[in-house]
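> how would this look folded up:
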Amino acid sequence: MVNGENVADGRGITPRLADRLLAAGADAITLGNHAFARDEIGPYLERSERVIRPANLPAAAPGRGLCVVTARDGSAVAVINLMGSLTLTVAAAPFEVVDGLVEEARERAAFVLVDFHAEATSEKVGLARWLDGRVTAVVGTHTHVQTADARILPGGTAAITDAGMTGPHDSVIGVEARLAIHRMRTGLPVRFQTAEGGVRIEGVVIDCAPSGLATAIEPLVRPYP
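This next block holds a predicted model:
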């Protein structure tokens, strides 16, 4: 699973780039607060079965917040995409909708992965604890910095507050450092540009038991190429 909400020059995703990620081996793509930054993505999400957007956006928004894909061994894997309500704009708080989504997911798959796209670490940890024992993993995204808290919770759910960022790490979370610092120092509007150099792939590798619960979670950091 890949969170692809910033693959289009650091903001949003396009149909062409979504198709390239799927062709490269991604089984499902999740999004976040920049899901609709590119106008052309709406019709694509309406028909896509493997590219999903946060389920707690307005119901009239194109697309869906849950999908089921087939793993290499034939197992069904449900993927849920949710967005946090602290500092981000959502139609419903994640805790109001997550139980119904998990019930639907577990009816369709033994393995359930939740991408929780949220700002606050407390909200991410809280959701992971709430779902402990009911889903395979709760993986945080959005803040672009991989956290050092990958763990298996008491009920068997793998969790990490943020999986990190695949992109140029010689930057300020992907943006050319001089531009980000200029805005921080002056408060003036700045047109951000995606940085170059120091590209790394970050994420997590999760081992699962046949029960659908996790047995191990390992942060992944690899230079690219």
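> quick one: the strands in this protein?
2-3, 29-30, 66-70, 76-83, 111-117, 137-141, 151-152, 158-160, 167-168, 199-208, 214-223 (DSSP state E).
> And the first one, how far out from the chain middle?
The gap between the average C-alpha position of strand 2-3 and the chain average comes to 5 Å, counting by Cα atoms, centre = their mean, to the nearest Å.
> repeat for the fourth one
How far strand 76-83 lies from its chain's middle: 9 Å, per Cα atoms, centre = their mean.
> May I see the buried residues of it?
Residues Val77, Ala78, Val79, Ile80, Asn81, Leu82, Met83 are the ones in strand 76-83 that count as buried (16 or more other Cβ atoms under 10 Å). Bear in mind the C-beta positions are built from the backbone N, C-alpha and C, glycine included.
> Pull the most distant pair out of these.
Val77 and Met83 (20.6 Å; Cβ to Cβ).
> ok, Ala180 to Val190 distance?
Ala180 is 8 Å from Val190, where distance means Cβ to Cβ, to the nearest Å.
> same check, this time on Ile160
From Ile160 to Val190 the distance is 31 Å (Cβ to Cβ).
> Please save the CA atoms from the longest helix anywhere in the chain in CSV.
Assignment by DSSP state H gives helix 94-108 as the longest helix of the chain. C-alpha atoms of helix 94-108 as CSV (Å, rounded to 0.1, in the frame of the first residue of the first chain):
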residue,chain,number,x,y,z
PRO,A,94,-12.6,9.5,12.4
PHE,A,95,-13.9,7.9,15.7
GLU,A,96,-17.5,8.4,14.5
VAL,A,97,-17.1,6.4,11.3
VAL,A,98,-14.2,3.9,11.9
ASP,A,99,-16.2,1.2,13.7
GLY,A,100,-18.6,0.8,10.8
LEU,A,101,-15.7,0.7,8.3
VAL,A,102,-13.9,-1.9,10.3
GLU,A,103,-17.0,-4.1,10.5
GLU,A,104,-17.4,-3.8,6.7
ALA,A,105,-13.7,-4.6,6.1
ARG,A,106,-13.7,-7.6,8.3
GLU,A,107,-16.7,-9.1,6.5
ARG,A,108,-14.7,-9.0,3.3
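> Off-centre distance for that helix?
The chain centroid and the centroid of helix 94-108 are separated by 17 Å under Cα atoms, centre = their mean.
> for stretch 102-116, same thing?
The answer for stretch 102-116 is 15 Å, by Cα atoms, centre = their mean.
> And for stretch 193-203?
Distance, centroid of stretch 193-203 to centroid of chain: 17 Å (Cα atoms, centre = their mean).
> ends of it, how far apart?
The straight-line separation of the ends of stretch 193-203 (Cα to Cα, to the nearest Å) is 23 Å.
> Which residue of the chain lies farthest from its centroid?
Most distant residue from the mean C-alpha position of the chain: Thr186, 31.5 Å away (Cα atoms, centre = their mean).
> What helices and strands are in contact with the one helix or strand in the chain whose mean pLDDT sits lowest?
Every helix and strand of the chain was ranked by mean pLDDT, DSSP states H and E. The lowest is strand 167-168, at a mean of 93. Judged by 3 or more Cβ pairs under 8 Å, 6 or more residues apart in numbering; DSSP states H and E, the packing partners of strand 167-168 are strand 199-208.
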